[in-house]
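Student: Need coordinates for the below:
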Amino acid sequence: MPTRSLRIAWLGVGPSARESGGVPGVASDLLHGLASLGHRIDCFSPAPEHALPERLAANENLTFIWGTSGWRWDRWYSRTKIAAFGSGLLARGLGSLRLRRVLARRHRQEPYDVIYQFSNIETLAVPAGVAREVPLVIHPETHSAGELRFLISERRLSLRCQPVHTFVIAVTIMSLRALVQRVKIRQASLLVCISGVFRSHLVKDYGFPAEATVVIPNPVRLERFSPSDREPGEPPIVLVLGRIAVRKGIEDVVAAAHMLSERNLDVKLRIVGGPGLWSDYTKLLEDLPQESSEYAGRIPPSEIPEELERADLLLQVSKYEPFALTVAEALAAGVPVVASSEVGAIEGVDSGVVIEVAPSDVEGIVAAIAAMLERVKANPSATRSLARAEAERLFAPEVVSRGISAALEQLLATRSGAGKRHRAS
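Tutor: Below you'll find the predicted structure:
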């Protein structure tokens, strides 16, 4: 337990009304976990007031301060995906600006110990006066320099799948965000990195000091998932779950599907997910071998547990992936994983339920699929139990929340000690 209750101003992505995973689900788990440890949190959201999960609404240590953003789907500014992407960023920025005065006023009434910026690196909601007094902790889920790098390197794939203007707009927005993020990230006293591989990218791309970082994985609400007790499928199902977009290795998935088919490996490759707002690679899936593969399209988040329950293996071969919640969720559902070395969620996971491959190594991907399915067939119950145990060990919300709480206390203790030494000198 923490040695004292901290007063925290939470900025960035907040919880949604439903307990359905994704980044809002991570926000719900962290807010609930930190508040349950006794920390008092003001959550500033630029969005209009909406319903909250009961566990958050009933927690006396959580206060929600809502914005006035009127952004909506299916308006003139959000009728296309790229327009929704750009206008959504603008609306969140303006909404954050409106919260600055509220944050400053609440800080004057009762000072905050920490400002916690979740998901986004850049923030406009912190008044300059408060920033000089209170340490800023940034907990990003991705960074624009990484997204931009693969958007440019995969330009031929992108232009094959979508209009030129979509690519140009996305590159322009990502370039501007990367510049802003490189400046804003330096204001942080501590960077909470969701994986070691992501920390390496942030240190290299933005010049952030590694000594001011801590690696803590994302949480997963374990009760949403339960391992199946069925026998492996005939054929076994290899599930690809996530956005059909840039840097996700979709072209490698298609190539692996063909190689699996050519080698007469008895598997069914099932691809589930939709395109992103600014990147759509679904056209690549037209080349899938129909006899052994299927594209199911996008499904509601509420159906992900059922999808994982039917799967025998999760495949995640991204070329840039700070974490990959789908990997942590698969393990929670008792599903083993084949993933590229760029996938942050496989770090520290027992090799009995994860096989790591190099990005774009199609031969290695196919070999790893065959090897992991052999393990599953040999002892499905033991494999599923180990996968679930690893999810509980690494991604349980209470474990993650305790790690963040300890990091915040350490930050404040270090600052307090430095202040005392400065006054003494």
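Student: Compute the first-to-last residue distance for stretch 319-329.
Tutor: One end of stretch 319-329 sits 20 Å from the other (C-alpha to C-alpha, to the nearest Å).
Student: Regarding Ala413, what is its secondary structure?
Tutor: Reduced to three states with DSSP: H, G, I helix; E, B strand; the rest coil, the structure at Ala413 is helix.
Student: Please, where are all the strands along this structure?
Tutor: Using DSSP state E, the strands of the chain run over 7-12, 40-45, 62-66, 114-119, 136-140, 190-193, 213-215, 237-241, 268-272, 293-297, 313-316, 337-340, 354-357.
Student: Which strands and helices lie in contact with the third one?
Tutor: By that I understand strand 62-66. When contacts are defined as 3 or more C-beta pairs under 8 Å, 6 or more residues apart in numbering; DSSP states H and E, strand 62-66 packs onto helix 22-36, strand 40-45, helix 81-109. All C-beta spots, glycine's among them, are computed from the backbone N, C-alpha and C.
Student: Lowest average confidence across those, which one?
Tutor: Mean pLDDT values for the helices and strands packed on strand 62-66 show the minimum at helix 81-109, a mean of 75.
Student: related to what we said a few turns ago, indicate which one of the strands of the chain is closest to Met174.
Tutor: Closest approach to Met174 among the strands of the chain is made by strand 136-140 (14.4 Å; C-beta to C-beta).
Student: and that closest one with helix 22-36, angle?
Tutor: Computed by axes from the mean of the first three to the mean of the last three C-alpha atoms, to 10 degrees, the angle separating strand 136-140 from helix 22-36 equals 140 degrees.
Student: what is the mean pLDDT for strand 136-140?
Tutor: When pLDDT is averaged along strand 136-140, the result is 97.
Student: Return the distance of it from the chain's centre.
Tutor: 14 Å (C-alpha atoms, centre = their mean, to the nearest Å).
Student: just stretch 358-368 next, same as before
Tutor: On C-alpha atoms, centre = their mean, the centre of stretch 358-368 falls 24 Å from that of its chain.
Student: mean confidence score for it?
Tutor: What stretch 358-368 shows for mean pLDDT is 98.
Student: Next, the buried residues of that stretch.
Tutor: Within stretch 358-368, the residues that count as buried by 16 or more other C-beta atoms under 10 Å are 359, 361-362, 364-366, 368.
Student: Tabulate the strands of the chain (CSV), appending mean neighbour count and distance to Glu409.
Tutor: Formatted as CSV, the strands of the chain follow (neighbours: other C-beta atoms under 10 Å; distance: least, C-beta to C-beta, whole Å):
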stretch, mean neighbour count, distance to Glu409
strand 7-12, 24, 12
strand 40-45, 22, 14
strand 62-66, 18, 19
strand 114-119, 23, 10
strand 136-140, 24, 12
strand 190-193, 24, 11
strand 213-215, 19, 12
strand 237-241, 24, 36
strand 268-272, 21, 40
strand 293-297, 16, 45
strand 313-316, 27, 34
strand 337-340, 27, 33
strand 354-357, 21, 32
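Student: nearest spatial neighbour of the residue nearest the centre of the chain, skipping sequence neighbours?
Tutor: Nearest residue to the geometric centre of the chain (C-alpha atoms, centre = their mean): Glu141, 4.8 Å. Nearest-residue entry for Glu141: Ser119, 4.8 Å, with adjacent residues in sequence omitted and distances by C-beta to C-beta, 6 or more residues apart in numbering.
Student: Kindly report the same for Leu284.
Tutor: Ile250 (5.2 Å).
Student: Got the confidence number for the one you found?
Tutor: pLDDT, Ile250: 98.
Student: So which residues of the stretch 151-300 of the chain form helices?
Tutor: Counting by DSSP state H, counting those that start in this stretch, the stretch 151-300 of the chain has helices at residues 155-161, 164-184, 196-206, 250-262.
Student: do you know which of those helices lies nearest Glu347?
Tutor: Counting by C-beta to C-beta, Glu347 lies closest to helix 196-206 out of the helices of the stretch 151-300 of the chain; the figure is 5.6 Å.
Student: where in this protein is pLDDT low?
Tutor: In the predicted model, the chain carries pLDDT under 70 at residues 1, 68-73, 76-79, 81-96, 417-425.
Student: let's see it at 80
Tutor: Where the chain drops to pLDDT under 80, the residues are 1-3, 20, 46-48, 67-98, 123-125, 416-425.
Student: circling back to that earlier point, would JSON lines of the strands of the chain with distance to Arg224 be doable?
Tutor: Formatted as JSON lines, the strands of the chain follow (distance: least, C-beta to C-beta, whole Å):
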{"stretch": "strand 7-12", "distance to Arg224": "23"}
{"stretch": "strand 40-45", "distance to Arg224": "22"}
{"stretch": "strand 62-66", "distance to Arg224": "21"}
{"stretch": "strand 114-119", "distance to Arg224": "20"}
{"stretch": "strand 136-140", "distance to Arg224": "22"}
{"stretch": "strand 190-193", "distance to Arg224": "23"}
{"stretch": "strand 213-215", "distance to Arg224": "24"}
{"stretch": "strand 237-241", "distance to Arg224": "14"}
{"stretch": "strand 268-272", "distance to Arg224": "16"}
{"stretch": "strand 293-297", "distance to Arg224": "20"}
{"stretch": "strand 313-316", "distance to Arg224": "15"}
{"stretch": "strand 337-340", "distance to Arg224": "17"}
{"stretch": "strand 354-357", "distance to Arg224": "20"}
